[in-house]
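J.: sequence plus predicted model, see below.
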Amino acid sequence: MPPITNAEIAAALFSHADLLELAGESPFRARAYRAAAESIRDWPEPVASVAGAAGLRTIPGVGEGIAAAVTDLVSSGSHQPFDDLAAAIPPSLAGILTLPGIGAKTAMKLHRELGIADLADLERAAIDGRIRAAKGLGARTEVTVLAGLDALKERTGRMPIGSALPAARAFASAIRALLPDMRVEIAGSVRRYCETAADLDIVVESRDHPGTIGRIVAAPAIGRVISQGYDALRVALQSGIEADIFLATPERFGTVLVRATGPAVHLERIGPLPDHAPDEPAVYAAAGLPWIPPELRLGGPEFTRTAEIPALIRIEDIRGELHCHSTWSDGAAPIGGMAAAARDRGYRFLAITDHSGGLGVANGLDVARLTAQRAEINAESGDPVLLAGSEVEVDRDGALNFDDPTLAALSIVVASLHTGLRQPRDELMARVERVLRNPNVDIIAHPSGRLIERRSPGDFDWPRYFAIAAETGTALEINADPARLDLKPAHAEAAVAAGCLLTINCDAHHPGGFANMEYGIAVARQAWVQRDAVINTWETSRLLAWLASRG
DNA sequence: GCCGTTTTCGGCCCGACTGTTTTCAGTCG
């Protein structure tokens, strides 16, 4: 029997966490299992080969209890307390917890009173109108369930780029360490900065394919080999992520890299690829084309708009960020720490925009704390220039958390809708219009409210949204958090075409959060955005003048 | 169940909204 992989251990812990939640155990206990599961899934080496409980406990989130469970799972594939709970509550029931509005209590009620054990049972019950038979549940719950099931069916099951790209980089580094003199490049949808990826693709330079494959399969990050050919290999990593590895001789590395990067619609437009091109520019040159950056390979506009490519925004154009958080609200670092991180990136300005009081869970600021914070911001060094701001919560009626004099006293105001995103279109649009028409509001953050693969965007009337934003001069954000990527490329392109200004921000909650800028830049480039439309590429003086000209 | 050095217990996200009640439990961000 092959040793259990990190992904399999993590799956057992995740499943137990769900069952603990259903069983009504302490939510902190369930959370502890999930935290340990994530740590183990992402551990760079096989946890099965980590020796002893003491070794296991060096993994963050793994303590005495979970180390014992993992030891059992490694030695026998099972752990008695897990099996006992799974016998009492069907693990498939956890599937219905993914529906918005259905929590552990409701799930158990549905199980006990209606015999529901999985999503399919629940769907039938909702369609038949049987959910209302359960005490405390009504017709509205049936609607919620059916809407949730619809949203679930739209999920792709792919991993977000924010997980896929770091995983690809880590795996590519591991291969480079085994093959120090060979080129190793990430390819596929990850290289193209697609918002989700099904798997990883890696191209490895090789002069001796059997020998190269022999060295790669020894990588500790690999959980098992799925299939193996002469010049290709498909593996499942310890994390459960699957990866295709393509071998290429130096003479045809470019050909293989272009093909492995795709997508098919782009390759079709290029036509037959040369058999032997050592690098990508040679492939494109053979087709009479300039080299096309991977994120622009979409199968259409990159062939007709080649002249625009050099003018597209680049990450070096970004001069600062206009949306970040500190320990004053839900950030992990004090203002000075965030400023230092921005300084390290060469930024000239940084807006501190902690949450307003309306978002209680995020330790939002009231007016008194906002005033105190402004004093702290003003006491900072001035490199980068700090702007005292706020991420102000928009209430369900479109009112902002702070009154106009308070907003006017801030250097920058970022408005956000975090709640009520499922309102009908006319209510949502009325809220947004009220916010856009407030002259104190400079930026709308993550305009659609979507969370990729987790929450659908609000049902906004986008042409109208962009028309009003263009009229009021309010900048719309491309939120670079890979869980959001909001605006998405099509909307960012439409916004600029309508005359809107944009800003690309990481919404950083800790100093490392600024590293997400590359994702936001990729979105902007996919939207064919040029630098000048993005206000945080502007010189500090121009940005300050723009802010001063507003409310 | 995990964590930490103002630790070996007490905290860990907590307040608003929703749908169902008839005064509130459950869910979510």
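T.: Looks like it arrived, so ask away.
J.: the helices in the stretch 301-450 of chain A, which residues?
T.: A:301-304, A:335-344, A:367-378, A:404-408, A:425-436 (DSSP state H, counting those that start in this stretch).
J.: any residue of the last one touching DNA strand B?
T.: It stands for helix A:425-436. No - Helix A:425-436 lies out of reach of DNA strand B by C-beta under 7 Å from any atom of the strand, never closer than 10.1 Å. For the C-beta atoms, the positions are set from N, CA and C on the backbone; glycine is no exception.
J.: tell me the mean pLDDT for that helix?
T.: Helix A:425-436 comes out with an average pLDDT of 90.
J.: what of stretch A:384-391?
T.: On average, the pLDDT along stretch A:384-391 is 94.
J.: report the distance from that stretch to the chain centre.
T.: 25 Å (C-alpha atoms, centre = their mean, to the nearest Å).
J.: quick one, strands of the stretch 51-200 of chain A?
T.: A:159-160, A:184-187, A:196-197, A:200-205 (DSSP state E, counting those that start in this stretch).
J.: can you redo the ones you listed as a markdown table with distance to A:Cys506, mean neighbour count and mean pLDDT?
T.: As requested, those are arranged in a markdown table below (distance: least, C-beta to C-beta, whole Å; neighbours: other C-beta atoms under 10 Å; pLDDT from 0 to 100):
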| stretch | distance to A:Cys506 | mean neighbour count | mean pLDDT |
| --- | --- | --- | --- |
| strand A:159-160 | 15 | 21 | 91 |
| strand A:184-187 | 22 | 22 | 98 |
| strand A:196-197 | 19 | 22 | 95 |
| strand A:200-205 | 24 | 24 | 98 |
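J.: quick one: end-to-end distance for stretch A:167-187.
T.: Length of stretch A:167-187, first residue to last, C-alpha to C-alpha, to the nearest Å: 13 Å.
J.: hmm, I typed the wrong one, I wanted stretch A:237-245.
T.: End to end - C-alpha to C-alpha - stretch A:237-245 spans 12 Å.
J.: contact partners of it?
T.: Contact partners of stretch A:237-245, identified using C-beta atoms under 8 Å, 6 or more residues apart in numbering, comprise A:5-8, A:10-11, A:41-47, A:159, A:164, A:167-168, A:171, A:175, A:188, A:199-204, A:216, A:220-223, A:226, A:232-236, A:260.
J.: quick one: low-confidence residue ranges for the stretch 351-500 of chain A.
T.: By pLDDT under 70, the low-scoring segments of the stretch 351-500 of chain A are A:358-362.
J.: let me redo that: chain A
T.: A:1, A:358-362.
J.: center of it - which residue?
T.: Centroid-nearest residue in chain A, with C-alpha atoms, centre = their mean: A:Ala483, separated by 2.3 Å.
J.: ok, now how distant is that one from DNA strand B?
T.: Note on A:Ala483: its distance to DNA strand B, by C-beta to the nearest atom of the strand, to the nearest Å, is 12 Å.
J.: what does A:Pro511 give?
T.: On the measure of C-beta to the nearest atom of the strand, A:Pro511 and DNA strand B end up 18 Å apart.
J.: name the residues of the strand or helix carrying A:Ala522 that come out as buried.
T.: Mapping A:Ala522 onto the secondary structure by DSSP states H and E places it in helix A:517-526. Across helix A:517-526, burial judged by 16 or more other C-beta atoms under 10 Å covers A:Met517, A:Tyr519, A:Gly520, A:Ile521, A:Ala522, A:Val523, A:Ala524, A:Arg525, A:Gln526.
J.: counting by contacts, list what it packs against.
T.: strand A:475-479, helix A:489-497, strand A:502-505 (3 or more C-beta pairs under 8 Å, 6 or more residues apart in numbering; DSSP states H and E).
J.: strand A:475-479 and the helix or strand that comes right after that helix, what's the angle between them?
T.: The C-terminal neighbour of helix A:517-526 among helices and strands, as given by DSSP H and E, is helix A:540-549. Angle between the axes of helix A:540-549 and strand A:475-479 is 120 degrees (criterion: axes from the mean of the first three to the mean of the last three C-alpha atoms, to 10 degrees).
J.: ok, residues contacting helix A:540-549?
T.: A:Arg319, A:Gly320, A:Arg348, A:Phe349, A:Val385, A:Leu387, A:Ser411, A:Ile412, A:Asp442, A:Ile535, A:Asn536, A:Trp538.
J.: and which of those is nearest A:Gly61?
T.: A:Gly320 (35.0 Å; C-beta to C-beta).
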